[in-house]
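In: quick one, what's the 3D model for this:
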Amino acid sequence: MTRPKITFIGAGSTVFAKRLMGDILSYDELKEVTFSLFDIDPDRLATSAMVARKLSDAAGAHARIETPTDRRAALEGADYVICLIQVGGYRPATVVDFEVPKKYGLRQTISDTLGVGGIMRGLRTIPVLQGICRDIEVVAPDALLLNHVNPMAINCWALHRSTPVRTLGICHSVQGTAGQLAKAMGLPEAELNYICAGINHMAFYLKLEHQGQDAYPLLRAVIQEGRVPETDRVRYEVFTRLGYFVTESSEHFSEYVPWFIKRDRPELIERFNIPLDEYLHRCEDQIARWDGMQAELEAAASLEIQRSGEYAPLVIHSLETGQLRVVYGNVPNHGLIDNLPRECCVEVPCVVDRSGVQPVRIGPLPPHLAALMQTNLNVQALAVEAALTQRRDHIYHAAMLDPHTAAELDLDQIVALVDDLLAAHAEWLPEYH
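Out: Numbering: from 1, shown residues only. This is a model prediction of the structure:
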């Protein structure tokens, strides 16, 4: 058995932390791990620690559970750091990201990856992630940071530029969408083979196969037979136009492009079933259910462990045991995708074993897919530049080049909106000049 120390920063994200810890403890080789749990909310942290102990018992493991109150102490000697934070929380930060743009007629769905909401989330998150990395540099310089925090590409790009800490950005959109496509085509998910690449939340299945045969005709049949899921009309529409299927959900994708959310075209919202304010509704629902969930977790004599397919536990297990796996990770574009900018953050298959995480070279993407991604990369690059230089004008530039924002607002409105958001988020941001 191996005895790595795995630190969770943002361990008060109990439901997600539970999933990851359960997966880790399900492996015989990892039953002696140390979980060091840290969160700024002591009540949520206590619940997560209780969950960790029950999971360890359920797995027949002997995990050591620590809950230091100091972040650097939690990180000291860590082999892996799993980051689950949300800077500013739902209230006030996320609500501000939605409500202030609404005053300008700018509506969003998720607002955590791109758009003015994604830009602001990145600006308030990057300084905190940099602080975590400064601690890692001192007390755990060999640790691998497994980042789950959105905006994934903006955050990871900024860290790759500003810290030597090894960082792998991890999402679940690639394998999650693959499961959805398998279901739509009536195929067992385990029989679906694919190669996917691009940027986080805008990667495309370049190859989609079943038993060695192209599976895309089966996916086109879903459209032809009128079986497109009601909640996924945007992605299937984009598939018909571009010829490849994109990873992240329709509610996400609709706000990465200028085509679907238009205040003077309400029929588009209805036609494509776009759930405006979706993230707000999800958060409100989670908050409403939390007390009951917390009570259930505390009352349960034992917790069931079912492997979720999340990548972070798979990465840890492969690095510790040498078992060869392929996962999808967000890494710097060092010769991986030819027609995307060098140094941008790309999402590609990565081979993982005891020797490390090795991203796979893809070569050139179909030119129209690379061109579409570039519209998002422009925003990401300027948001990162703003965060690292603290130049206010680059925040304006990022918003000006955002596809959805630019389709709805003029330049004066964009500048005024950014000013309003910076004022509303002042407590979470450094001073921009």
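
In: helices and strands of this protein: which one has the lowest mean pLDDT?
Out: helix 278-299 (a mean of 94; mean pLDDT, DSSP states H and E).

In: list the buried residues for it?
Out: With burial defined by 16 or more other CB atoms under 10 Å, the residues of helix 278-299 counted as buried are 278-280, 283, 294, 297. To be clear about C-beta, it is placed using only N, CA and C from the backbone, and glycine gets the same treatment.

In: can you list contacts of stretch 15-28?
Out: Residues from elsewhere that reach stretch 15-28 (CB atoms under 8 Å, 6 or more residues apart in numbering): 1, 6, 8, 10-11, 30-31, 33, 35, 37, 48, 51-52, 55-56, 58-59, 61, 63, 82, 84, 148, 293, 297, 303, 305-308, 310, 312-314, 316-317, 321.

In: what comes up buried for that stretch?
Out: The neighbour-count check on stretch 15-28 (16+ other CB under 10 Å) flags 16-27 as buried.

In: rewinding a little: make JSON lines from the buried residues of helix 278-299 and add distance to residue 371 to it.
Out: Output for the buried residues of helix 278-299, formatted as JSON lines (distance: CB to CB, whole Å):
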{"residue": "278", "distance to residue 371": "27"}
{"residue": "279", "distance to residue 371": "28"}
{"residue": "280", "distance to residue 371": "32"}
{"residue": "283", "distance to residue 371": "34"}
{"residue": "294", "distance to residue 371": "47"}
{"residue": "297", "distance to residue 371": "47"}
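
In: I figured residue 240 hits residue 219, correct?
Out: No. Using CB atoms under 8 Å, residue 240 makes no contact with residue 219, being 10.3 Å away.

In: quick one, which of those two is more surrounded?
Out: Neighbours per residue (other CB atoms under 10 Å) separate residue 240 from residue 219, with residue 219 holding more: 17 against 11.

In: show me what the least confident helix or strand of the chain is packed against.
Out: helix 14-25, helix 42-58, helix 95-102 (3 or more CB pairs under 8 Å, 6 or more residues apart in numbering; DSSP states H and E).

In: got any ranges where the chain has weak pLDDT?
Out: Along the chain, segments meeting pLDDT under 70 span 1.

In: my read: residue 44 touches residue 37, true?
Out: No. Between residue 44 and residue 37 there is no contact under CB under 8 Å: 10.0 Å.

In: hey, what's in contact with both of these two?
Out: residue 11.

In: more neighbours: those two, which one.
Out: More crowded of residue 44 and residue 37, by other CB under 10 Å: residue 37, with 26 against 19.

In: surely that one and residue 67 touch.
Out: Yes. Contact criterion CB under 8 Å: residue 37 and residue 67 qualify, at 5.1 Å.

In: tell me, what's touching the two both at once?
Out: Between them, residue 37 and residue 67 share these contacting residues under CB under 8 Å, 6+ apart: 45, 49.

In: circling back: select only the buried ones of the contacts of stretch 15-28 in PyMOL?
Out: Burial among the contacts of stretch 15-28 is assessed by 16+ other CB under 10 Å; the matching PyMOL selection reads:
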select buried, resi 6+8+10+11+30+31+33+35+37+48+51+52+55+56+58+59+61+63+82+84+148+297+303+305+308+310+312+313+314+316+317+321
